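# compute the structure for the input listed below.
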Amino acid sequence: MASSSVTTPESTRRTSRDLAGRGFAAILFAIVAVAVGRGIAGAVVTIPNSFRPLSWSELVGVATLAGICASVAFSLLARWTARPERWFVALAGTVLMGSFVPLAVVGPTVSGATTELLAVLAAMHVAVAAGVTLPLVGWPGPRSQVEAASIEE
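Numbers count the residues shown, from 1 in each chain. Below you'll find the model as predicted:
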């Protein structure tokens, strides 16, 4: 009687090195995304130095923290699910939508907040979300070896 076991092909396993590389790229992409976004916004809208949520140190700090948290979440999904990219995109979208709640509720009470500044801050949320998501899911390439194989069939 033959016994069968479920094995994961070597080509579909993610190594710690691969995950660390994706995580490092996610942090860098998030920082670059907010830097570019903040630079464009500063050219279009006057951003006072007193408005702390859009200060350079705050933006870089939050982008770095978001990249670290996203990398940990993706690593856990890669360990526990067969399609971590798909689950991560859903998680990132949910977190992004949730990040708008305090922006809408608390944002208007922040000293110096105007509609334009809150719109720029919302754009920074989107920039960070895109900055961490794209490198982690491997966009624009195939999501994973398993999904690439299923696409070819």
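
# just checking, next helix/strand downstream of the biggest helix by length in the chain?
When the chain is parsed with DSSP state H, its longest helix is helix 16-44. The helix or strand immediately downstream of helix 16-44 is helix 56-80, counting by DSSP states H and E.

# between that next one and helix 16-44, how big is the angle?
Between helix 56-80 and helix 16-44, the angle comes out at 150 degrees (axes from the mean of the first three to the mean of the last three CA atoms, to 10 degrees).

# list the helices and strands the longest helix of the chain packs on?
helix 56-80, helix 115-137 (3 or more CB pairs under 8 Å, 6 or more residues apart in numbering; DSSP states H and E). C-beta: built from backbone N, CA, C; applies to glycine.

# can you say which of these is packed in most?
Greatest average neighbour count among the helices and strands packed on helix 16-44 goes to helix 115-137 (a mean of 20), per mean count of other CB atoms under 10 Å.

# packing partners of it?
helix 16-44, helix 56-80, helix 84-105.

# and the pLDDT for the spatially most central residue of the chain?
Centroid check for the chain by CA atoms, centre = their mean gives Val132 as the closest residue, at 2.6 Å. As predicted, Val132 sits at a pLDDT of 94.

# ok, now which ones touch it?
26-27, 29-30, 66-67, 70-71, 92 (CB atoms under 8 Å, 6 or more residues apart in numbering).

# redo that, cut-off 10 Å
22-23, 25-27, 29-30, 33, 63, 66-71, 73-74, 88, 92, 95 (CB atoms under 10 Å, 6 or more residues apart in numbering).

# ditto for Trp80
So Trp80 contacts Trp87 (CB under 10 Å, 6+ apart).

# for it, give its distance to Pro108.
39 Å (CB to CB, to the nearest Å).

# what does Val101 give?
13 Å.

# now His125
16 Å.

# kindly report the same for Ala119.
For Ala119, the distance to Pro108 equals 12 Å [CB to CB].

# touching, Val120 and Ile40? I think so.
Yes: Val120 is within contact range of Ile40, at 9.2 Å (criterion: CB atoms under 10 Å).
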